[in-house]
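K.L.:
have a look; sequence and predicted model below, questions after that.
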Amino acid sequence: MATSWQIRSGTPLPLGATPTDYGVNFAVFSEHATKLYLCLYSDAGEELTRLPFPNKQRGIWHMEVADLKVGQHYAFRADGPFDPEQMHFFNPHKLLIDPYAKRLSERLVFHEEQVTQQEDGTLDNRDSGNVVPKSIVSHITPLEHKRPKSPETYQRSLYELHIKGFSQQLDIDPALQGTYMGTCSAPAIEHLQQLGITTIQLMPCFAFADEVHLQQKGLSNYWGYNPINFFTPDHRYAIEDPVTEFQAMIATFHAAGFEVILDVVYNHTAESELRHGTTCYRGLDNAVYYRHQNGMYLNYTGCGNCVNTYHPASVRLICDSMRHWVEILGVDGFRFDLGVDLGREQHDFSATAPLLQAILQDPILSQTTLVMEPWDIGPNGYQVGHFPRGFLECNDKYRDTVRRFWRGDTHTIPEFATRLMGSRDVFHKGHKCALHSVNYITYHDGYTLKDLVSYHRRHNLANLEGNRDGHTDNISQNFGLEGETDDLRIQQARINQQKCFLATLFFSQGTPHLLGGDELSHSQLGNNNAYCQDNETTWLKWPKENSESDFSHVISELITLRQRFPILAEAFLPDDPLYQHKQSDEVSWFNEFGHPMSGSDWDDPERDFIALQLIESQSQTRLWLAFYREDLSLTVIPPNSSHIKSVLFSTDETIQLPNNSVEFTRRSVLLVELLND
């Protein structure tokens, strides 16, 4: 390596460290810095030199350094005003990760030396050079492979998967367990293909750090919603190289026919509160990268800070990151955590916010699958149904209504019917199709499906927060006993209830989302906020084949029926202007006597049965879909006394069909094909 450093002006774009014929071009945004330094390191962590950036254009510092190669370790230091009232925290004692780093030397762990402001508000002059990961100059070859054809929108079904939790206890080589490569191992692929899902939704894989309070308690961040860098796959799921192994995982999933979307966290970073570590954005230009007012962060995320996604620098950073994950690392789309923050302008949410519009006009990003979590904890933070077309949205109204219906709550029938039909009160007719609604009953943040039918109260003591964290109202039902039991009657009731939930999910209009492990009756022992439980609480337990509590075959059957009869996913209704160019399907509602639902039927607060008839316009296939939530015997007549052609699916294998009627003996979901008149 050269002992005298030859420097050229370089270029302000692309941002980050880019190998050139001459050496490496470095470019980094910092509008308010007065000086910026490039710190070069040896692979062993020895600082070799500090080179001041000589050029700055439109807030971007840049230079080209001769003879540097791919693999060079580097970082930044920034000098400028230290003015807490103006939210400037420049401190040249703090080493800073490149926001555009494509590889990091190690994981980030919090150390006191990373703090930039002392408790009395003055500058902390301890040097953090030895406790911050170094960025590594990289040239990553784009993932070259054949992407699978995107699933038809009505066929798409999401499967939420945690890399470690999914593969840690798989029957595979122990070296692969808990890793990117273990998640795409042959047994994993076989299981996912058997389910029939189309889309794997990976929980966060951005390089992330443990929160300070978890580190102090001896716990760790398991879910990964605490990013330090938006471009780099995390080390903890890698055997050796997280970048190439992540790419290999994506290529394997694609070869098996799966679409892959990544859960991304662009709303906040692991720098968290002002007196926590300064390792990147805060030290480069805190007043630009984070939302603030009156010398305080606007904490719309509940995580200590939130990214100022209204600023052009952040819009560019996020879009560049997304393109990197698509074009270089190979993913097919994104699920956005706390997405309302991405749609805020100065403070309030707007469907025309700069970042949302930038994504939707981008010729690459606009063609990916985009799923939004449509809320944060800021003002007007609940925006379900208000994102622009192009974004699917997680629908918690669906979750809560379906849970209340199957728990037996009163006054639920009208809203239950609305949710079954794609929540058209939220995703309005003529504007968005029902498939914009991502329907789910369980997600990572809450009960698993088994716990939903096994626990009445949360059991989060292991999180060491006095059982105060997590949702308080889970709309759950334990069937008479809290937690695990040997009582066969209770066990059977819980199994049946889980089947009813699954059948409801896959027979609802919209896009279904399945929490990984629900097919295996995975339990977290009542913990509904297991974000810090990196242990057997969260790792999936793989039961023996043909276990009664393994619902894999049930889910496969449900998905097959959904794909065979697309009207189950999306019906073309005559009163919906969105479908005026299509031949209309027919949907009608019936009571247990086979009569159309009357006003009094809809208003009955104790009603336990509802059914609908769906007639597909072209084939004239007639489906009868019935839901019964009581455990007493009930005889039901098909619509208008129609004749049953075949039972396509039933959660109750003991169901009787006497004299062209149906006898339910317990709560059930039934799908029947009717003969045409």
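P.N.:
That came through fine.

K.L.:
what's the spacing between the residue most central in space within the chain and Ile189?
P.N.:
Central residue of the chain (CA atoms, centre = their mean): Asp263, 3.9 Å from the mean position. Counting by CB to CB, to the nearest Å, the gap from Asp263 to Ile189 is 20 Å. Bear in mind the C-beta positions are built from the backbone N, C-alpha and C, glycine included.

K.L.:
does Trp61 sit in a helix, a strand or a coil?
P.N.:
strand (DSSP: H, G, I helix; E, B strand; the rest coil).

K.L.:
mind checking how far it is from Gln72?
P.N.:
For Trp61, the distance to Gln72 - CB to CB - is 18 Å.

K.L.:
over to Ser600?
P.N.:
76 Å.

K.L.:
neighbour count: the two, which is higher?
P.N.:
Gln72 (23 against 9; other CB atoms under 10 Å).

K.L.:
and the strand or helix carrying Lys164, what does it pack onto?
P.N.:
Here Lys164 sits within helix 163-167, counting by DSSP states H and E. Applying 3 or more CB pairs under 8 Å, 6 or more residues apart in numbering; DSSP states H and E, one finds that helix 163-167 contacts helix 180-183.

K.L.:
what's in contact with the helix it packs on?
P.N.:
Contacts to helix 180-183, defined as CB atoms under 8 Å, 6 or more residues apart in numbering, come from residues 161, 163, 166-168, 170, 172-173, 176, 188, 233, 237-239, 242, 245-246, 248-249.

K.L.:
how about that helix: buried residues?
P.N.:
Tyr180, Met181, Gly182, Thr183 (16 or more other CB atoms under 10 Å).

K.L.:
what of stretch 665-675?
P.N.:
Arg666, Arg667, Ser668, Val669, Leu670, Leu671, Val672, Leu674.

K.L.:
now, these that are in helices?
P.N.:
Nothing among those maps onto helices, per DSSP state H.

K.L.:
within the sheet, what are the partner strands of the host helix or strand of Lys56, with directions?
P.N.:
Using DSSP H and E, Lys56 falls within strand 55-57. Partners of strand 55-57 in the sheet, by DSSP bridges, are strand 60-66 (antiparallel).

K.L.:
and the longest helix along the chain, what does it pack against?
P.N.:
In terms of residue count, the longest helix belonging to the chain (DSSP H) is helix 488-506. Under the contact criterion of 3+ CB pairs under 8 Å, 6+ apart, helix 488-506 touches helix 396-407, helix 449-452, strand 511-515, helix 552-564, strand 668-674.

K.L.:
got the CA positions of the first one in CSV?
P.N.:
Output of helix 396-407 as CSV, limited to C-alpha atoms (Å, rounded to 0.1, in the frame of the first residue of the first chain):
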residue,chain,number,x,y,z
ASP,A,396,-55.2,-5.2,11.6
LYS,A,397,-58.9,-4.6,11.4
TYR,A,398,-59.1,-8.0,9.7
ARG,A,399,-57.0,-9.6,12.5
ASP,A,400,-59.1,-8.2,15.3
THR,A,401,-62.5,-8.9,13.8
VAL,A,402,-61.7,-12.5,12.9
ARG,A,403,-60.4,-13.1,16.4
ARG,A,404,-63.5,-11.6,18.0
PHE,A,405,-65.8,-13.6,15.7
TRP,A,406,-64.2,-16.9,16.6
ARG,A,407,-64.0,-16.0,20.3
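
K.L.:
and the contacts of it?
P.N.:
By CB under 8 Å, 6+ apart, helix 396-407 touches 375, 384, 412-413, 415-416, 418-419, 423, 426, 437, 439-443, 452, 474-477, 497, 500-501, 504-505, 508, 510, 627, 629, 667.

K.L.:
got the buried residues for it?
P.N.:
Asp396, Lys397, Tyr398, Arg399, Asp400, Thr401, Val402, Arg403, Arg404, Phe405, Trp406.

K.L.:
contacting residues for Phe166?
P.N.:
Phe166 neighbours (CB under 8 Å, 6+ apart): Thr183, Ala188, Gly516, Gly517, Leu540.

K.L.:
same thing but at 6 Å, please
P.N.:
Thr183, Gly516, Leu540 (CB atoms under 6 Å, 6 or more residues apart in numbering).

K.L.:
follow-up on the earlier one: would you indicate which residues of the longest helix of the chain are buried?
P.N.:
In helix 488-506, counting by 16+ other CB under 10 Å, buried: 490-491, 493-506.

K.L.:
of the residues you listed, which is the nearest to Tyr289?
P.N.:
Leu505 (39.0 Å; CB to CB).

K.L.:
please name the nearest non-neighbouring residue to the closest one.
P.N.:
Pro512 (5.1 Å; CB to CB, 6 or more residues apart in numbering).

K.L.:
can you report how many residues lie near Pro512?
P.N.:
Count around Pro512 with other CB under 10 Å applied: 26.

K.L.:
ok, what's across the strand from it?
P.N.:
Beta-bridge pairing of Pro512 under DSSP bridges involves Asn439.

K.L.:
returning to what we had before: pLDDT and distance to Asp534 for the buried residues of helix 180-183 - can I get that in JSON lines?
P.N.:
Formatted as JSON lines, those follow (pLDDT from 0 to 100; distance: CB to CB, whole Å):
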{"residue": "Tyr180", "pLDDT": "98", "distance to Asp534": "16"}
{"residue": "Met181", "pLDDT": "98", "distance to Asp534": "19"}
{"residue": "Gly182", "pLDDT": "98", "distance to Asp534": "15"}
{"residue": "Thr183", "pLDDT": "98", "distance to Asp534": "16"}
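
K.L.:
just those residues now: which is nearest Met203?
P.N.:
Thr183 (10.8 Å).

K.L.:
count of neighbours near the spatially closest residue to the closest one that is not a sequence neighbour?
P.N.:
Sequence neighbours aside, Ser167 is the residue nearest to Thr183 in space, at 4.7 Å (criterion: CB to CB, 6+ apart). Neighbour count for Ser167, taken as other CB under 10 Å: 25.

K.L.:
noted, bye for now.
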